[in-house]
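Chemist: got a predicted structure here, sequence first:
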Amino acid sequence: MDGRLQVFAGGSHPRLAAAIMEQLEAPIGRALIGTYKNGETRVKLDENVRGSDCFVIQSICQPYDHHIMEMLLMIDALRRASAARITAVIPYYGYSKQEKKTTGREPISAKLVANLITVAGANRILTVDLHAPAIEGFFDIPVDHLRATPLLAHHFRRAIDHSAVVVSPDSGGVARAEDFRVRSGGELAIIAKRHPDTDATETLEMVGNVEGKTAVIVDDMISTGGTLRVAIDLLYERGASDVYAASTHGIFADQAVQLLATSQLRRLFVCDTVPPPSDPSLPLETITVAPLLAESIMRIHKDLSISALFI
């Protein structure tokens, strides 16, 4: 791209946006983002973006629909102002758990969100740990899919001076847990579970030995905390000496904070893809993805490889 780099941010996660711009050593693009008196979202760019390589930072988190609308309006405003290229930087892609139909007469919400972003005018997507990798295929534009596992494994190695059993809380997360294990050392264990109902978790069995050992549960997100709490209790029942957890997205919906704060979890490592909770009763350590996103933004701007970040 010959155009200058300009970065704008929605209102979902201003702290992360500021941290990214600090890494880039550049000011964030000036924009008015608010609400009209009738409740409709208002967006107005206060920068000349003609011919620029523009990035919009917005996590799709609570309130989900409002933050989606903010992002769509910002993308549309950039397109109509003749930006040369528009990249939607989405640290957490909301609606990603609704990537398939589980019963009849249901929408595929993750696909609908992808359609909205594309129709609004985005030319590229930059995101972190999609719940289902197949969501990349919902887009007909390039998707740069970053992985937070190297960050989480690095911080876990610094915090724990010995190897641990890396636990996948379900069969779908085995590849993620194995990547974490390769980077941090130790053994692998897998918990088999099923979901009898929405946001309900039932454990079936566990493969692997954790007796007398430190265990770390690795998952892509913590939503209601039900899956994690069931896994914590099962690991202690099987004789684990200490249980840690590492997750990319800390959604902490419903009563998740209270559910985990009353567990025997030693420490929880979570990335700041969404604003983290501030409850002191939760043994939480937040790991910023700002340097990773800033480096990725610069690499996209300069047409350099993103894959090289994960070698």
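Modeler: Received, thanks. It should be emphasised that the depicted structure is a prediction, and the values quoted were computed from it without experimental measurement.

Chemist: which residues of the protein score low on pLDDT?
Modeler: Along the chain, the model assigns pLDDT under 70 to residues 1-2, 194-204, 311.

Chemist: can you map out the helices along it?
Modeler: Remark: helices assigned in the chain by DSSP state H are 14-24, 64-80, 109-120, 149-159, 174-184, 226-237, 256-261, 290-301.

Chemist: for Val270, find the nearest of these.
Modeler: With C-beta to C-beta as the measure, helix 149-159 is the member of these nearest Val270 (8.7 Å). Where you see a C-beta, it was placed from the backbone N, CA and C, and this is true even at glycine.

Chemist: name the helices or strands packed onto that closest one?
Modeler: When contacts are defined as 3 or more C-beta pairs under 8 Å, 6 or more residues apart in numbering; DSSP states H and E, helix 149-159 packs onto helix 174-184, strand 214-222, strand 242-250, strand 267-271, strand 284-287.

Chemist: put the alpha carbons of it into CSV.
Modeler: Provided in CSV are the C-alpha atoms of helix 149-159 (Å, rounded to 0.1, in the frame of the first residue of the first chain):
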residue,chain,number,x,y,z
THR,A,149,-1.4,-19.7,22.4
PRO,A,150,2.3,-18.7,22.2
LEU,A,151,1.6,-15.7,24.5
LEU,A,152,-0.3,-17.8,27.0
ALA,A,153,2.3,-20.5,27.0
HIS,A,154,5.1,-18.0,27.5
HIS,A,155,3.5,-16.4,30.5
PHE,A,156,2.6,-19.8,32.0
ARG,A,157,6.3,-20.9,31.7
ARG,A,158,7.4,-17.8,33.5
ALA,A,159,4.8,-18.3,36.3
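
Chemist: check which residues of it are buried.
Modeler: Applying a neighbour-count criterion of 16 or more other C-beta atoms under 10 Å, one finds 149-153, 155-156 buried in helix 149-159.

Chemist: mind putting the residues you listed into JSON lines with distance to Val270?
Modeler: As requested, the buried residues of helix 149-159 are exported to JSON lines (distance: C-beta to C-beta, whole Å):
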{"residue": "Thr149", "distance to Val270": "13"}
{"residue": "Pro150", "distance to Val270": "15"}
{"residue": "Leu151", "distance to Val270": "11"}
{"residue": "Leu152", "distance to Val270": "9"}
{"residue": "Ala153", "distance to Val270": "14"}
{"residue": "His155", "distance to Val270": "10"}
{"residue": "Phe156", "distance to Val270": "12"}
